[in-house]
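S.K.: Predicted structure and sequence below. I'll ask about it afterward.
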Amino acid sequence: FAHILLRYTNVENTAVFLENVRYSIPEEKGITFDEFRSFFQFLNNLEDFAIALNMYNFASRSIGQDEFKRAVYVATGLKLSPHLVNTVFKIFDVDKDDQLSYKEFIGIMKDRLHRGFRGYKTVQKYPTFKSCLKKELHS
């Protein structure tokens, strides 16, 4: 789950986040498909949640797990399981204060929305076709 979640972010060293999970939840039971689906539905509506979390940011407050679940429900109408929320906190809570700041979560996840095909070389079709055609004509 953590690998998939971090795959398209701008985080250079995902090992730190993966170690957070590995040490914080050693007896991890995993994420169910329903939990996975509901979390990614939530990520598709991240902007509404970001507004709610930004209010905490303006008040210089971080958000706890119960507040996180409540804000997700109010912003998106989705109910996330306590296990899923705990796992998300263990992934992103870098300072290990059991609170998520705007920077710890939204700062990383917003980049995910603009992920495109980062890391993959895009093939330009016309120049590739043109060079292939030239090779065939010369042979």
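M.R.: Thanks, I have the structure now.

S.K.: By mean pLDDT, which helix or strand of the protein comes out lowest?
M.R.: helix 102-113 (a mean of 66; mean pLDDT, DSSP states H and E).

S.K.: Quick check: next helix or strand after that one?
M.R.: As assigned by DSSP states H and E, the chain's next helix or strand after helix 102-113 is helix 125-138.

S.K.: Restrict that next one to CA atoms and write it as PDB.
M.R.: Provided in PDB are the C-alpha atoms of helix 125-138 (Å, rounded to 0.1, in the frame of the first residue of the first chain):
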ATOM      1  CA  LYS A 125       5.700   9.200 -32.500                       C
ATOM      2  CA  TYR A 126       6.400  11.300 -35.600                       C
ATOM      3  CA  PRO A 127      10.200  11.600 -35.300                       C
ATOM      4  CA  THR A 128      10.400   7.800 -34.500                       C
ATOM      5  CA  PHE A 129       8.300   7.000 -37.500                       C
ATOM      6  CA  LYS A 130      10.300   9.400 -39.700                       C
ATOM      7  CA  SER A 131      13.600   7.800 -38.800                       C
ATOM      8  CA  CYS A 132      12.200   4.400 -39.400                       C
ATOM      9  CA  LEU A 133      10.900   5.400 -42.800                       C
ATOM     10  CA  LYS A 134      14.300   6.900 -43.700                       C
ATOM     11  CA  LYS A 135      16.100   3.700 -42.700                       C
ATOM     12  CA  GLU A 136      13.700   1.600 -44.900                       C
ATOM     13  CA  LEU A 137      14.100   3.900 -47.900                       C
ATOM     14  CA  HIS A 138      17.900   3.800 -47.700                       C
END
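
S.K.: what comes up buried for that helix?
M.R.: Of the residues in helix 125-138, none has enough neighbours to count as buried (16 or more other CB atoms under 10 Å). Quick note: C-beta positions are derived from backbone N, CA and C, even for glycine.
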